[in-house]
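[1] Sequence first, predicted coordinates after that:
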Amino acid sequence: PESDRMELTPAADLPGVLLEALADPTRFTFGTILTMENVKFLAKDKKTEKWFNLVKLFAHGAYSDYLDQKKDLPDLKDEHITKIRQLTILSLAAKNTTLSYEVLAKGLDMKRPEDVEDLITDCIRKGVVRGKHNPRKGMFVVEFCEGRDISEQDLDAMASQLAEMLARSEEALKTLREKIHATISFHDREAEIEEKLNDDIKTVTKMLEAKSGSNAQGRLRKRGPEGLLPHGAF
């Protein structure tokens with residue numbers, strides 16, 4: 001495998017092998033290269049650290065980073081510059097649903113928006129981006145993009161986002177519990193009111209039944225046997 005070949009490459013031959021790997025048109029992740037002992041060793045020497053920084057740029061950086069570090073990096077060929085531009089498009093596609101050709105042309109030092117469109121089309125052919133060109137609006141609508149290597153800064157940002165999500169989840173759970181408790185309390189009070197109302201209805205019903213029975217007995221006493229009014233009833 002290529003990784004084994006690279007790990008076994010002597011230090012003197014490593015720069016050439018790295019340039020070949022970075023220019024590979026089908027390769028868009030480079031984190032595994034950064035973990036190789038012979039590559040990490042490059043960072044320990046002032047004379048060779050530029051090669052380690054170059055791999056780091058391809059793994060985590062963007063075209064603007066290349067411009068900032070250019071004077072301290074090895075000389076690159078056109079295919080390397082193209083790859084850095086494509087990697088930058090991947091990073092932007094991961095954060096945006098649309099990409100403006102004009103904005104990209106300025107940010108990537110490309111003369112025409114049409115050149116950006118061609119660059120994105122090449123990414124589509126390689127399967128690292130999916131979406132639709134909209135030449136009329138001068139933009140690309142992103143549907144999917146491959147992820148790039150995760151840097152330490154990315155991990156810190158992810159940890160921070162997860163902590164915020166956890167805090168929001170705990171707050172939402174607390175609010176939900178309060179609402180559930182309030183709902184239960186409300187239904188308990190409703191049940192108590194309904195029970196008291198039923199008791200009151202029963203009490204009133206008994207009172208009415210008792211009064212009705214008493215009145216009936218009184219009328220019977222006034223009429224006497226067989227419904228005849230007794231003497232002196234009036």
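    Cool, the structure landed. Numbers count the residues shown, from 1 in each chain.

[2] Spell out, range by range, the strands that occur in the protein.
    98-100, 129-134, 139-145 (DSSP state E).

[3] Return the per-residue confidence for Thr224.
    Just so we're on the same page, residue 224 is Gly rather than Thr. At Gly224, the pLDDT value in this model is 54.

[4] can you tell me how far Thr32 sits from Asp75?
    Distance of Thr32 to Asp75, given as CB to CB, to the nearest Å: 25 Å. All C-beta spots, glycine's among them, are computed from the backbone N, C-alpha and C.

[5] returning to that earlier point: got TSV for the strands of the chain, with distance to Gly107 and mean pLDDT too?
    Listed next are the strands of the chain as TSV, based on distance: least, CB to CB, whole Å; pLDDT from 0 to 100:
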stretch	distance to Gly107	mean pLDDT
strand 98-100	10	97
strand 129-134	17	97
strand 139-145	14	97
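
[6] Just give me how far the biggest helix by length in the chain sits from the chain centre.
    Counting by DSSP state H, the longest helix found in the chain is helix 152-223. Averaging C-alpha positions (CA atoms, centre = their mean, to the nearest Å) puts helix 152-223 38 Å from its chain's average.

[7] what helices or strands is that helix leaning on?
    Applying 3 or more CB pairs under 8 Å, 6 or more residues apart in numbering; DSSP states H and E, we find helix 152-223 packed against no helix or strand.

[8] Same drill for Thr32 and Asp75, tell me which one is more crowded.
    Legend: neighbour count by other CB atoms under 10 Å for Thr32 and Asp75, higher for Thr32 (14 against 7).

[9] In contact with Thr26, which residues?
    Lys126 (CB atoms under 8 Å, 6 or more residues apart in numbering).

[10] how near is it to Ser91?
    Separation of Thr26 from Ser91 (CB to CB) stands at 18 Å.
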